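Asker: sequence? don't have it. structure:
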């Protein structure tokens, strides 16, 4: 007979094991989520006593209602430079923009990039370097300029000037000079040799247009009579004046600097990516198997001969420093390390079967370097240990990654959440899924979905000082991630009754949907039947009352909703749910009478609904569904209705009790809530059951 008090119980006080998609769900650590989406772990304690609460993730706040360019991908990066506030920079539709806190402003000289082509960013010498494999420029916080410039193609004219000057036969060349970057072009062709007898040297620069940052030109001369080996600087002139007269002695010239040799200060070839190490810029051409090195301290000066092979027939996908310990070069399946502090570096193989698929798929953390191998997926290394992170964990999700677009994976370190986040192309080439590795808990968080996550970057708001994570989408817009409670629409109708529908459209005649700029294009929505069945869709375009769905890159409606107002559409809904692993109370051979499910959590309003679901005895379908609220008033211990009760608590922490009312060997519990503006945090879950006589299975 049943006893008066439960004997078996399973209590989950911490969700810190995270999200583990293992082959056998009975191997899940207690508290881990077997199936989940859009959940966060919050209030994590320190050290070995780490305790995590399970919460619905926050939404994504739209930064710019008016798109930079409608229907175009946005690449973003935080530009940090000395003497200025951090700046959020975007490349969209082939042009560079800067965010001023209210709008995106086009950057002077920032055009010419290829629309919808990924851009790679790197920072050095207080400049942001941008390349897309076809155009490369640097941004100094005011305007964009080419990275370096070709040598002038015409020699200067050298002539004898007035009396009292130098004696000897001289020859020379001229270069363009950018004093802000302390950069010179490679030299022009040589002038004719001219003999001087106590005369001044008259130099005339030929007509030649240089970018605006080259505000000066310089002449370098060599004394042929004394067979000087080098060219020494003879003078500097503003670019607007085409003549220069000087009579600098040979001794004084030697104190001013040695002129560049031919091709030493050439601009870089078109690069797929550029990075920096030990004062050098290092890069690779698109599809190239060699790495290229700039002059030390001058990322705009590259000699064609400074090209070194790594592994033939395999393109170098990435090159990044890890702290000050190493520079890591990678193909998509191999890793190498550069040794030494000066070019030419020594090359050492780190791993022959783990690499990185693209420049933006790797990021440095405080203790590990994280990257994404073409075959094995995400992993980390400290140069000694290479540890795959996907083995036996998230293979099911990784199997959905579109392998044709691995070179467009992005990775970012979100310090506030202690997360390493990758964006994945899981449908066509759109990156619609994020996976996040928690650095301290060393576990995966549930996948994050909703938007088309083209690019991500941390950014410090210069007005508030708050550090956030920002995302550029495929529709010319930028969002602050995990800010607010709705995915996208800043205003307008969010929840509406459906009055008309087809497989690709939804009409809500009483709605006033958001229509500014790109409107709701690319944003998620859910259609709910009266029975609570959900259909998650994506919006292609909209008017104030009609949503047109993207049925090319997403599902169409099936079944088509009824038009009597009993079906509902929710725009900006967050597909939040979590399923625990199966619980058998460590007695899988016992059939137990159903007992009670206790859920402890917090909500901000009694109208906020938590939907709970139960699977029994390994059934593939949901056996029971309950909807509960957490009222804002406290209860009294032990006073309750039979099937539902408040657990006595403070004003912000409550527990609800439900009778499972079912015999079971195992039970699996799930939670969900798709309504916008309804945050939930779950802090404890408990299932109890009375014992029945032992039944041996098998």
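Answerer: The structure has been received and is ready for your questions. These numbers come from a predicted model, not from an experiment.

Asker: how is this protein divided into domains?
Answerer: 8-57+577-691, 157-254, 267-453, 487-571 (automatic domain parsing).

Asker: from the chain's centre, how far out does the longest one sit?
Answerer: Translated: domain 267-453. 13 Å (Cα atoms, centre = their mean, to the nearest Å).

Asker: any idea which of the domains of the chain gets closest to residue 72?
Answerer: Between residue 72 and the domains of the chain, the tightest spacing by Cβ to Cβ is seen for domain 487-571, at 9.6 Å. In short, each C-beta sits where N, CA and C put it, glycine included.

Asker: hmm, back to that, make a markdown table out of the domains of the chain and add mean neighbour count.
Answerer: Shown next, in a markdown table, are the domains of the chain (neighbours: other Cβ atoms under 10 Å):
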| stretch | mean neighbour count |
| --- | --- |
| domain 8-57+577-691 | 17 |
| domain 157-254 | 17 |
| domain 267-453 | 19 |
| domain 487-571 | 18 |
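
Asker: worst average pLDDT in those?
Answerer: With a mean of 73, domain 8-57+577-691 has the lowest mean pLDDT of the domains of the chain.

Asker: out of the domains of the chain, which is closest to residue 136?
Answerer: Of all the domains of the chain, domain 267-453 comes closest under Cβ to Cβ, at 6.1 Å.

Asker: do me a favour and get the end-to-end distance for that closest one?
Answerer: Its start and end residues considered, domain 267-453 measures 33 Å (Cα to Cα, to the nearest Å).

Asker: got the domains of the chain as a markdown table, with distance to residue 143 columns?
Answerer: Formatted as a markdown table, those follow (distance: least, Cβ to Cβ, whole Å):
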| stretch | distance to residue 143 |
| --- | --- |
| domain 8-57+577-691 | 39 |
| domain 157-254 | 8 |
| domain 267-453 | 15 |
| domain 487-571 | 26 |
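
Asker: for the closest residue to residue 197 other than its chain neighbours, what are its contacts?
Answerer: Nearest non-adjacent residue to residue 197, counting by Cβ to Cβ, 6 or more residues apart in numbering: residue 167, 5.5 Å away. Applying Cβ atoms under 8 Å, 6 or more residues apart in numbering, we find residue 167 in contact with 196-199.

Asker: now do residue 567
Answerer: Taking Cβ under 8 Å, 6+ apart, one finds 497-498, 501, 527-530, 561 in contact with residue 567.

Asker: so which of the residues you listed comes closest to residue 276?
Answerer: Using Cβ to Cβ, these come closest to residue 276 at residue 527, 49.4 Å.

Asker: pull the most distant pair out of the contacts of residue 167.
Answerer: Every pair of those checked by Cβ to Cβ; the farthest is 196 and 198, at 7.4 Å.

Asker: just to revisit the earlier point, element containing the residue nearest to residue 197?
Answerer: strand 157-178 (DSSP states H and E).

Asker: direction included, what does that strand pair up with?
Answerer: strand 183-184 (antiparallel), strand 194-204 (antiparallel), strand 216-223 (antiparallel) (DSSP bridges).

Asker: include distance to residue 27 when you put these into a markdown table, please.
Answerer: Compiled in a markdown table, these are given as follows (distance: least, Cβ to Cβ, whole Å):
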| stretch | distance to residue 27 |
| --- | --- |
| strand 183-184 | 59 |
| strand 194-204 | 79 |
| strand 216-223 | 69 |
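
Asker: residue 292 is nearest to which of the ones you listed?
Answerer: strand 183-184 (17.2 Å).

Asker: closest to residue 434 out of the strands paired with strand 157-178?
Answerer: strand 183-184 (39.3 Å).

Asker: now do the helices in this structure.
Answerer: 250-254, 395-398 (DSSP state H).

Asker: of all these, which one is nearest residue 284?
Answerer: helix 395-398 (26.3 Å).

Asker: show me what the closest one is in contact with.
Answerer: Where contact means Cβ under 8 Å, 6+ apart, the residues beyond helix 395-398 that reach it are 21, 377, 390, 424, 433, 435, 447.

Asker: which among those residues gets closest to residue 36?
Answerer: residue 447 (7.6 Å).

Asker: how much space between that closest one and residue 377?
Answerer: To residue 377, residue 447 is 14 Å away according to Cβ to Cβ, to the nearest Å.

Asker: same check, this time on residue 608
Answerer: According to Cβ to Cβ, residue 608 and residue 377 sit 37 Å apart.

Asker: check residue 232 too.
Answerer: 56 Å.

Asker: and if you look at residue 411?
Answerer: On the measure of Cβ to Cβ, residue 411 and residue 377 end up 12 Å apart.

Asker: with residue 470 instead?
Answerer: Distance of residue 470 to residue 377, computed by Cβ to Cβ: 25 Å.

Asker: show me what stretch 376-391 is in contact with.
Answerer: Stretch 376-391 is touched from outside by 322, 325-326, 335, 337, 350-351, 353-354, 365, 367-373, 398, 401, 422, 435, 437, 444, with contacts defined as Cβ under 8 Å, 6+ apart.

Asker: in strands, which of those residues fall?
Answerer: 322, 326, 335, 337, 350-351, 369-373, 422, 435, 437, 444 (DSSP state E).

Asker: what's the farthest-apart pair in those?
Answerer: Spatially, the most separated pair among the ones in strands among the contacts of stretch 376-391 is 337 and 444, at 27.7 Å (Cβ to Cβ).

Asker: which neighbours do residue 196 and residue 198 share?
Answerer: In contact with both residue 196 and residue 198: 165-167, using Cβ under 8 Å, 6+ apart.

Asker: tabulate those (TSV), appending distance to residue 628.
Answerer: Shown next, in TSV, are those (distance: Cβ to Cβ, whole Å):
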residue	distance to residue 628
165	95
166	94
167	99
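
Asker: bridged to the residue most central in space within the chain, which residues?
Answerer: Geometric centre of the chain, nearest residue: residue 456, 3.0 Å, by Cα atoms, centre = their mean. Beta bridges link residue 456 to residue 471, judged by DSSP bridges.

Asker: that one is in contact with residue 470, isn't it?
Answerer: Yes - in this structure, residue 456 is within contact of residue 470 by Cβ atoms under 8 Å, at 6.9 Å.

Asker: list residues touching both of these two?
Answerer: By Cβ under 8 Å, 6+ apart, the residues touching both residue 456 and residue 470 are 76, 481.

Asker: how about residue 301, what does it touch?
Answerer: Residue 301 neighbours (Cβ under 8 Å, 6+ apart): 148, 183-184, 186, 260, 264-266, 294-295.

Asker: ok, now residue 680?
Answerer: 55-56, 576, 601-603, 608, 610, 671, 673.

Asker: same question for residue 218.
Answerer: Neighbours of residue 218 in contact, by Cβ under 8 Å, 6+ apart: 174-175, 177, 184, 233, 235-237.

Asker: what's the answer for residue 340, then?
Answerer: Residue 340 neighbours (Cβ under 8 Å, 6+ apart): residue 346.

Asker: relative to residue 504, how far out is it?
Answerer: Distance from residue 340 to residue 504, by Cβ to Cβ: 60 Å.

Asker: cool, residue 193 as well?
Answerer: 78 Å.

Asker: same question for residue 412.
Answerer: Distance of residue 412 to residue 504, given as Cβ to Cβ: 34 Å.

Asker: then residue 582?
Answerer: 39 Å.

Asker: who are the contact partners of residue 257?
Answerer: Counting by Cβ under 8 Å, 6+ apart, the residues that residue 257 touches are 232-233.

Asker: now do the same for it: its pLDDT.
Answerer: In this model, residue 257 is scored at 92, pLDDT.

Asker: having no further points to raise, I will conclude here.
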